[in-house]
Structure formats: C-alpha cells, structure tokens
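J.: Build me a structure from this.
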Amino acid sequence: MMDEARLAEKLERIEALFAGAATAGEKSAAAAARERILARLRTFQREAPPIEHKFSIRDPWARRLFLALLRRYELSPYRYPGQHRETIMVKAPKRFVDETLWPEFNEVNAVLSGYLEEVTTRIVSKTLHPDTSEPAEMRPLAGGGT
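T.: Numbering: from 1, shown residues only. All right, here's what the predicted structure looks like:
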C-alpha cells in the first residue's frame with residue numbers, strides 16, 4: 001500500500017529521471033529537476049519554433065494531471081471555442097513533447113492511476129463489499145439476451 005508521501009516521492013523521481021538527474025542527491029531535488037527540464041525546453045525552443053499540438057484526454061484525472069504538467073513547465077494550455085472539454089491545445093517544441101512531456105505524463109499517469117485504483121479498491125472493499133473483482137463472463141443464452 002502506497003501512502004501519499006511515498007507517491008509524491010515516486011513522482012519526483014520520475015521527474016528527475018526525465019530531467020536527466022546525474023546523482024542520487026539530484027534525484028531527490030524536485031526543484032532542480034524542474035529547472036533542468038525548463039532549461040531543456042528553452043534549448044528546444046531556440047532550436048525549432050514551438051508548434052501547436054492537440055491532445056484529447058477523456059479521463060478527467062489524467063487531463064488534470066496533464067494540465068498541471070504543462071503549467072509546471074510554463075506552457076499555456078488552451079482550447080478553441082467549440083472544442084470538446086477533453087481537448088487540450090498547447091504550443092511547444094515537438095522534440096520537447098516527444099522526448100519529455102508526453103513520456104513523463106504517461107509514466108506519472110500510470111503511477112497515479114495505480115494509486116487511485118489501490119485506494120478505490122481498498123475503500124470499496126472495506127465499506128461496501130469485500131469482493132471487488134470483475135464480473136464473471138457468461139455465455140449468452142440460446143434465443144437471445146445480451
């Protein structure tokens with residue numbers, strides 16, 4: 001069972017990994033990792049102009065996470081009038097999105113999803129019913145039924 005403090009440490013380690021932390025001390029320094037990622041972003045912006053990217057993230061928790069990452073790296077998410085709520089637009093260098101932003105999002109999202117799954121299962125099994133397994137798979141009855 002992972003508590004919130006261990007979850008936060010794990011997320012910081014993921015960011016440090018994408019920042020290219022070289023030493024154990026650097027790996028625990030979230031601010032230093034963020035600064036290295038911002039420096040990488042600035043380098044990519046000098047190498048190639050930012051381009052518009054469109055993301056569609058249906059899961060509200062994943063969308064909230066992605067928006068937080070964009071803002072953490074000083075990128076401004078937006079949406080055009082008429083676009084769906086799950087649409088997120090951002091201007092950023094393609095290389096930054098491909099090498100840092102999207103891989104980091106996917107890794108952090110997997111960790112947070114696992115944590116939410118663990119907490120949900122624990123609470124549901126304690127308060128509603130201990131069996132939180134998926135339903136059994138049944139063959140359809142002859143002559144109809146779904």
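
J.: Burial check on Leu101, number of neighbours?
T.: By other Cβ atoms under 10 Å, 24 other residues sit near Leu101. C-betas here are computed from N, CA, C, even on glycine.

J.: quick one: it and Ala92 touch, right?
T.: Yes - using Cβ atoms under 8 Å, Leu101 is in contact with Ala92, at 6.8 Å.

J.: Find residues that contact each of the two.
T.: Here Leu101 and Ala92 share the contacting residues Leu75, scored by Cβ atoms under 8 Å, 6 or more residues apart in numbering.

J.: Can you classify the closest residue to Tyr80 other than its chain neighbours by secondary structure?
T.: Leaving aside its sequence neighbours, Tyr80 sits nearest to Met89 (Cβ to Cβ, 6 or more residues apart in numbering; 6.8 Å). Three-state assignment for Met89 (DSSP: H, G, I helix; E, B strand; the rest coil): strand.

J.: Hmm, Met89 is touching Pro81, no?
T.: No - look at Met89 against Pro81 with Cβ under 8 Å: they stay out of range, at 11.7 Å.

J.: Give me the more crowded residue out of those two.
T.: Counting neighbours by other Cβ under 10 Å for Met89 and for Pro81 shows that Met89 has the greater number, 14 against 4.
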